[in-house]
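Chemist: The amino acid sequence is not available; the structure is as follows:
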């Protein structure tokens, strides 16, 4: 009887320790500074989402719903194929800028949003895929800011190319005329002025 009590006591301590570890892990996921979600089954049903995940999608009550039920606007998008592929092959997937339609306010008005995420499969003890867990961050503002910078750079380069061409056209004409005058100058008096003109033309050409 004493041996049995000792064994039960050890077993209870182990269970308590395992439960405490599970609670700590759950708290860690719940309070993580990134959006975390867990999906189960081939229909991709939410079984866990942390508050940041709900805030990112501006949705609540996701657990128990499939991805398409919770986010109908992604039906038929490449994301569903990605989830199906992870469940089928057991290969994780990650992307830094994934473009997706997004009904941000639930009013049916879609906008383009960008997300950075990594999704890894979850397996049972036999190794079979039972679901997946993903970590995501919305990067729409960063992508739009970068696109604006890239557009500004393109506009600047286009302007400089046009300005350079337009400035070189009269400059070439002036250079030809100056060289012609230098060759045709009958005496030495006008030469210094023409040579000065040529030097200034060279400076303008270098500046352009």
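Modeler: Okay, I see it. The structure presented is a predicted model; accordingly, all values stated were derived computationally and were not measured.
Chemist: so residue 194 sits in a helix?
Modeler: Yes: counting by DSSP: H, G, I helix; E, B strand; the rest coil, residue 194 falls inside a helix.
Chemist: What is the neighbour count of it?
Modeler: 17 (other Cβ atoms under 10 Å). Yep, even glycine has a C-beta here, placed from its N, CA and C like the rest.
Chemist: For it, give its distance to residue 91.
Modeler: 74 Å (Cβ to Cβ, to the nearest Å).
Chemist: Over to residue 179?
Modeler: For residue 179 relative to residue 91 (Cβ to Cβ), the value is 69 Å.
Chemist: And residue 161, by the same measure?
Modeler: Taking Cβ to Cβ, one finds residue 161 at 45 Å from residue 91.
Chemist: Same check on residue 79?
Modeler: Using Cβ to Cβ, we find residue 79 at a distance of 16 Å from residue 91.
Chemist: ok, the two, which is more surrounded?
Modeler: Taking other Cβ under 10 Å, residue 79 and residue 91 do not tie; residue 79 has more neighbours (20 against 11).
Chemist: ok so that one is a strand residue?
Modeler: No: counting by three-state DSSP, residue 79 is not part of a strand but helix.
Chemist: so the residue nearest to it when sequence neighbours are not counted is in which element?
Modeler: Once flanking residues are discounted, residue 79 sits nearest to residue 100: 6.2 Å by Cβ to Cβ, 6 or more residues apart in numbering. Following DSSP states H and E, one finds residue 100 within strand 93-102.
Chemist: partner strands of the following helix or strand past that strand, parallel or antiparallel?
Modeler: As assigned by DSSP H and E, the chain's next helix or strand after strand 93-102 is strand 111-123. Next to strand 111-123 in the sheet, as set by DSSP bridges, lie strand 93-102 (antiparallel), strand 129-138 (antiparallel).
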